[in-house]
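In: model the following, please.
(chains A and B)
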Amino acid sequence: MKRTILSLGLMIAAIAGLKAQNINLKSIDENQRNIASLQLGYDFGFTAQLGYLRSLNTFMPILVGGDFSFPSGKNLMDDFKVRYGGQIEVFDIKGFAFSAKVMANFKRHQTSLIRMISFGSEFSAILGYYTTSWHIATEIGFDKSIATQLKHSDMMREVIYDDVKDGWYEGTSGSWFYGISGSKTFGESWDITFRLGLVDAEKDHQNPLLPFYAQLGANKRF
Amino acid sequence: MKRQVLWLHLMGLIMITIISCESYDLAEPDRLVPATVDEDPSLPSIMVNNTMLHAATFGDPNDPLVVVIHGGPGDDYRSILNCKDFANDGFFVVFYDQRGCGLSQRHEASIYTTQIMIDDLAAVIDYYQKPGQKLFLVGHSWGAMLAPAYVGQNIDRVDGMILMEPGGLTWEITEAYIERTFSIELLSEELNDLTYQDQFISGSSHEVLDYHSSLFNAFTENDSPTGDSGITPFWRAGAVCSNALIEYAETNGFDFTTNLDQYKTKVLFVYSELNQAYGREHAETVSAPFQNIELVEAKGTGHEIPLNGWDYFYPIAQSYLNSLK
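Out: This is a model prediction of the structure:
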């Protein structure tokens, strides 16, 4: 329970700022503080992700925003993920910059056997080399499902376990992720971006069926 | 900023509400998966070969013995319970959940080999068979692979055998069959049913792994190359057993055809009409090591013959068993 409360506290703290996507902080200027993004790729399913973020006029670079993603398939809205949080640049030395990203998330998943909804948090550290027209970075992070509600269908009870218990379950999943990301600027306001990495379940937990993520996308600054 | 403060309060309220509700641990026994025989003494069980197996019998113990062997690896005998009807034909019918499957005792992954599963079958037979009592094996899928493996090591003990769609009797043939049974489109709902849940649930205990594996079965609800639609009933997935045996086979291979050319009794070999991954050609390939074989196509069913093709299969199996009784 202590771990849950700690994670909860960190997640709530994350809501003070909102989550940024794969952004080149150096490409943002005074006249282009808003960024809209579209990412396509694999993230526990083949997903489309729409995002928005804004650069705050503070003493150090801070981005706040959120995104909404959903996997492909015939039932588009039965699975989705909403994330919101922020990214802050901790230091920048001659183009080498370190930033920290925190976000909260809300996820939903439904099959013929179950409906799950989950509140969680995500933290990552990003170290990279940034210019005004491109960047390349490495990232490491941790994603935790803090509280998940499981609601089983009649079919689950009929064909598998008739006494299965619905309810809220604590700390149902956690995974590390590590990989690389980058971007290239085109024209005055467009960036093409990518993220690529591996997912590793926490402790000795079984890894995901497809333990990787890969995204290609575009950002529009305005 | 006001909006963010509002969000902060709203999310805080939601989380406080959630935490104040009663919440549970995924690994808590009996909540998401049923207890196993070593956890629930009220379940019928036998202790053999250093493991406790969930087992049930039907009929007169003095009648000829029929041991029914379920598929998988990792499934259980719930979906093949129709075979208890053989008890009405004068047979003593035995079902058991294999080690680490269904409601049988769980073990660590390192214990699983193909030989230990054959040894467990031998131990179950030894447990129930009386001196002079005839023995018949009825195997489905993976169970129909274990049955010939046992026969190869005990050539004079088995008086008849019904095999329903064994994947193969060598790893190479089995692997090719498995690949044909698994068809999924990259952008499909079925892929989401398999992969999206991984960000909600993870674990290392048998309870969590078995539960997680159970949820994968939503993927099987839709039409598949095996000709089955709908989720096949089971009590509890045997996740560790299933993964460990597949890994063992990938690493070590297997060959269950040894000595089968010495088995002279007719074998009833049944394949299904609707399993597109099987068919007569594969049935002929798999059954080739036997000297005396009767190939039968079960009409109107896919791979789950004992469940979905029982009305067609039963009289054929009944006739076969009675002819050797």
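
In: from here on, contacts and neighbour counts on C-alpha atoms
Out: Fine.

In: up against chain A, what does the stretch 51-200 of chain B have?
Out: Contacts of the stretch 51-200 of chain B with chain A, taken as CA under 8 Å from any CA of the partner chain, map to B:186-200.

In: pull the contacting residues for residue B:297.
Out: With contact taken as CA atoms under 8 Å, 6 or more residues apart in numbering or on different chains, residue B:297 is in contact with B:270, B:271, B:272, B:273, B:280.

In: out of those, which end up buried?
Out: B:270, B:271, B:272, B:273 (16 or more other CA atoms under 10 Å in any protein chain shown).

In: these in strands, which ones?
Out: Among the buried ones among the contacts of residue B:297, the members falling in strands (DSSP state E) are B:270, B:271, B:272.

In: how about residue B:291, phi and psi?
Out: Dihedral angles phi and psi of residue B:291 (degrees, to the nearest 10) take the values phi -80, psi -30.

In: now it, nearest residue through space, not along the chain?
Out: Distances taken as CA to CA, 6 or more residues apart in numbering or on different chains place residue B:261 nearest to residue B:291, at 5.7 Å, with adjacent residues excluded.

In: for chain A, what's the nearest residue on chain B?
Out: Distances between chain B and chain A by CA to the nearest CA are smallest at residue B:189, namely 4.0 Å.

In: hmm, that residue is touching residue A:78, no?
Out: No: counting by CA atoms under 8 Å, residue B:189 does not reach residue A:78; the two are 9.8 Å apart.

In: these two: who's more crowded?
Out: residue B:189 (23 against 16; other CA atoms under 10 Å in any protein chain shown).

In: which phi and psi does the more buried one have?
Out: With angles defined as degrees, to the nearest 10, residue B:189 sits at phi -60, psi -30.

In: for chain A, what are the nearby residues on the stretch 201-325 of chain B?
Out: B:201-204, B:209, B:214-215, B:218, B:221, B:231-236.

In: compare these and tell me which is most surrounded.
Out: Most surrounded of those: other CA under 10 Å gives residue B:236, at 27 neighbours.

In: in the chain, which spans are strands?
Out: Picked chain A for this. So, for chain A - with DSSP E - the strands run A:34-43, A:46-56, A:62-71, A:80-93, A:96-110, A:114-130, A:134-152, A:167-186, A:190-201, A:212-221.

In: my bad, chain B
Out: B:23-24, B:45-48, B:51-58, B:65-69, B:92-96, B:135-140, B:160-164, B:267-272, B:293-298.

In: what would these look like in JSON lines with mean pLDDT?
Out: Formatted as JSON lines, these follow (pLDDT from 0 to 100):
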{"stretch": "strand B:23-24", "mean pLDDT": "88"}
{"stretch": "strand B:45-48", "mean pLDDT": "98"}
{"stretch": "strand B:51-58", "mean pLDDT": "98"}
{"stretch": "strand B:65-69", "mean pLDDT": "98"}
{"stretch": "strand B:92-96", "mean pLDDT": "98"}
{"stretch": "strand B:135-140", "mean pLDDT": "98"}
{"stretch": "strand B:160-164", "mean pLDDT": "98"}
{"stretch": "strand B:267-272", "mean pLDDT": "98"}
{"stretch": "strand B:293-298", "mean pLDDT": "97"}
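
In: can I get those strands in CSV with distance to residue B:285?
Out: As requested, the strands of chain B are exported to CSV (distance: least, CA to CA, whole Å):
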stretch, distance to residue B:285
strand B:23-24, 50
strand B:45-48, 34
strand B:51-58, 33
strand B:65-69, 22
strand B:92-96, 28
strand B:135-140, 17
strand B:160-164, 14
strand B:267-272, 12
strand B:293-298, 11
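
In: what's the closest non-adjacent residue to the single nearest residue of chain A relative to chain B?
Out: Closest residue of chain A to chain B, CA to the nearest CA: residue A:73 (4.0 Å). Leaving aside its sequence neighbours, residue A:73 sits nearest to residue B:189 (CA to CA, 6+ apart; 4.0 Å).

In: OK, contacts around that neighbour?
Out: A:72, A:73, A:74, A:75.

In: filter these down to the buried ones.
Out: A:72, A:73.

In: of the contacts of residue B:189, which is the nearest to residue B:312?
Out: residue A:74 (35.3 Å; CA to CA).

In: now, the residues of the stretch 201-325 of chain B next to chain A that are in helices?
Out: The members of those that map onto helices under DSSP state H are B:209, B:214, B:215.

In: with pLDDT as extra columns, can I get those in CSV?
Out: Output for these, formatted as CSV (pLDDT from 0 to 100):
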residue, pLDDT
B:209, 97
B:214, 95
B:215, 93
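
In: count of neighbours near residue B:126?
Out: 12.
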